[in-house]
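>>> Generate a structure from the sequence data that follows.
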Amino acid sequence: MDHQGRDTTQAAEIVELTYRPTRGDILAGIRVRDAIRRLNVLRGAVMALFTGFGLLLVVAPGGPQASNVLLCGLLVLFLWSVPHLQANQVLRIVKWQGEYRTTVTEAGVSATNEYVTLTVRWSLFRGYRETRDHVVLLSRDPNILCLEVLPKRGLGAPEDAERLLAILDRNLRRL
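As a prediction, this is how the structure comes out:
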């Protein structure tokens, strides 16, 4: 019998995730992006600078003006809260769309909900990073504006995590 390659091909490997996005999922993606871009280092340095400046104002002879110390404290609090504010904003955008069903294949990632289906090829992504609870795919653009956060809790079975990472390793580099 002459197969000519038609019926000897194996079925493509597919991993499916089902989940509702949470603030924690989005915050994990933002934290990974900030770590790759080294924004967490910059944010920490600026926070340390304003904290030090506020402490210098407190110990300065003649006493500090309360408004200056308060301003330094508010700036430090704001800088710390930026990723949290971003996560809240993104959650407002995606939360109403309900449950996501994401499929990861050799061709790319496809996310579907009640309102939309988005399919992205691997060429959009520069790589991925795994955290304890998530796998975050990061886009190629310099500012990493596009993220795909895959929460591990959405996997159907524990062995699906290994299959997911195997697909990602074949198509993307680990960052």
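>>> List the buried residues of stretch 147-156.
Applying a neighbour-count criterion of 16 or more other Cβ atoms under 10 Å, the buried positions in stretch 147-156 are 147, 148, 149, 150, 151, 152, 154, 155. Every C-beta, even on glycine, is put in place using the N, C-alpha and C of the backbone.
>>> average pLDDT across that stretch?
When pLDDT is averaged along stretch 147-156, the result is 93.
>>> In the longest helix anywhere in the chain, which residues are buried?
If you go by DSSP state H, the chain has its longest helix at helix 66-94. By neighbour count with 16+ other Cβ under 10 Å, helix 66-94 contains the buried residues 69, 72, 75, 76, 79, 83, 86, 87, 90, 91.
>>> go on, stretch 41-58?
47, 50, 53, 54, 57.
>>> how close does residue 139 get to residue 160?
Remark: distance between residue 139 and residue 160 (Cβ to Cβ, to the nearest Å) = 24 Å.
>>> So what touches the helix or strand bottoming out on mean pLDDT in the chain?
Least confident element among the helices and strands of the chain, by mean pLDDT, DSSP states H and E: helix 39-59 (a mean of 84). Contacts of helix 39-59 with the rest of the structure, by Cβ atoms under 8 Å, 6 or more residues apart in numbering, involve 31, 33-34, 64-65, 68-69, 72-73, 75-76, 79-80, 82.
>>> And the strand or helix carrying residue 109, what's buried?
In this structure, residue 109 sits in strand 108-112 according to DSSP states H and E. Residues 108, 109, 110, 111 are the ones in strand 108-112 that count as buried (16+ other Cβ under 10 Å).
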